[in-house]
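Engineer: Show me the folded form of this:
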Amino acid sequence: MSTETMGILSHVQSAEMRRRSAADINSLNALNKIFDECPRCASELNPLQHVYGGGATRNPKYCFVLINPTHLNISTHPEYRGPRFPFIGVRQFWRILHRAGLLSGEVLRLIEDKQWKKLTTQALLSELRRRGIYVTNLVKCAQPHPDLPANQVIQEDFPLLTKEISLINPELIVAFGQLPFKVLTGETVKLYEYYDALCAGSELKVSWFVTPEGKRFRVVPTFFPTGRGNPRLSTEILRLLSESSSTLLRGVQLPLGYA
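Structural biologist: Below you'll find the predicted structure:
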């Protein structure tokens, strides 16, 4: 058997294992344990810790889905102990939420302090819970570089992401960037045209993420908030959502979480 064939079989087996694991999970704590037992990270001797989702974990107003963590998140460091969720120690994302009206000035001042402290993480987590925001990534494995995760990795972890979303049961999923949006909905979107339509007062086009059990969740896209994305327009779309989400979602008749 060739090395390439063995690699393909390994990925297929890993994906099947993830699907079977997800089927028996009924809590986020159990799900996070599965993330920490990732066979890929074990085989690659990846020393970085996995980054879970974090924030409001019961029926949040928003579930923000990004791509994957890197070593810049301080909770990936092997010596770190404490809550693990996206962008701990990474300030740009939280500045965007503040500009969009989704994060208080008081918490932002803690974030902007030169040293990121345990108090900062706890205050941020409390703020997310208070505002009904849950933040997560397609992939929980951290990388020592900013490259996108391989498509095979995303597909292997997709059953666990599906279970995660089902467990928290969000009112609205916001996909940051075209990749998360396509993974969740199977659709592509032209983000600049989408933004122009919103600014022109058009009704928000809502897509759907459908679980294998038939649960349906509303999904809207925005720009990726850092690096390869567009922080300014990401902020603007989030601001529009936070200021007028009930108006933008008018005309959507299906009840949340059901077919």
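Engineer: where along the stretch 51-200 of the chain do the helices fall?
Structural biologist: Residue ranges of the helices in the stretch 51-200 of the chain, as given by DSSP state H, counting those that start in this stretch, are 91-99, 105-112, 118-131, 151-168, 178-185, 191-199.
Engineer: Gly177 is in contact with Val65, isn't it?
Structural biologist: No: with contacts defined as Cβ atoms under 8 Å, Gly177 does not count as touching Val65, sitting 9.1 Å away. Where you see a C-beta, it was placed from the backbone N, CA and C, and this is true even at glycine.
Engineer: how about stretch 215-224 as CSV, C-alpha atoms only?
Structural biologist: Below are the C-alpha coordinates for stretch 215-224, written out as CSV (Å, rounded to 0.1, in the frame of the first residue of the first chain):
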residue,chain,number,x,y,z
LYS,A,215,-32.3,21.3,12.8
ARG,A,216,-32.0,24.6,10.9
PHE,A,217,-30.0,27.7,11.9
ARG,A,218,-29.9,31.1,10.2
VAL,A,219,-26.5,32.1,8.8
VAL,A,220,-25.3,35.4,7.6
PRO,A,221,-21.8,36.3,6.3
THR,A,222,-19.4,39.1,7.1
PHE,A,223,-15.8,39.8,6.2
PHE,A,224,-13.0,38.1,8.0
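Engineer: now the longest strand seen in the chain: how far from the chain's centre is it?
Structural biologist: In the chain, ranked by residue count with DSSP state E as the criterion, the top strand is strand 216-222. Between the centre of strand 216-222 and the centre of its host chain there is 12 Å, according to Cα atoms, centre = their mean, to the nearest Å.
Engineer: tilt between it and helix 178-185?
Structural biologist: Here strand 216-222 runs at 170 degrees with respect to helix 178-185, directions being taken by axes from the mean of the first three to the mean of the last three Cα atoms, to 10 degrees.
Engineer: ok, strand 216-222: who's next to it in the sheet?
Structural biologist: When pairs are called by DSSP bridges, strand 216-222 turns out to pair with strand 172-176 (parallel), strand 207-210 (antiparallel).
Engineer: Packing partners of the helix or strand hosting Arg40?
Structural biologist: Using DSSP states H and E, Arg40 falls within helix 39-43. Using 3 or more Cβ pairs under 8 Å, 6 or more residues apart in numbering; DSSP states H and E, the elements in contact with helix 39-43 are helix 3-23.
Engineer: between Gly177 and Val65, which one's more packed in?
Structural biologist: The residue with more neighbours, out of Gly177 and Val65, is Val65; 28 against 23, by other Cβ atoms under 10 Å.
Engineer: Setting the sequence-adjacent residues aside, check what's closest to that one.
Structural biologist: Computed as Cβ to Cβ, 6 or more residues apart in numbering, the closest residue to Val65 that is not its neighbour in sequence is Pro180, at 4.6 Å.
Engineer: and that neighbour, how many neighbours?
Structural biologist: Neighbour number of Pro180 under other Cβ under 10 Å is 25.
Engineer: and it, what does it touch?
Structural biologist: Listed by Cβ atoms under 8 Å, 6 or more residues apart in numbering, the contact partners of Pro180 are Val65, Leu66, Ile67, Leu138.
Engineer: Of those residues, which pair is most distant in space?
Structural biologist: Val65 and Ile67 (8.4 Å; Cβ to Cβ).
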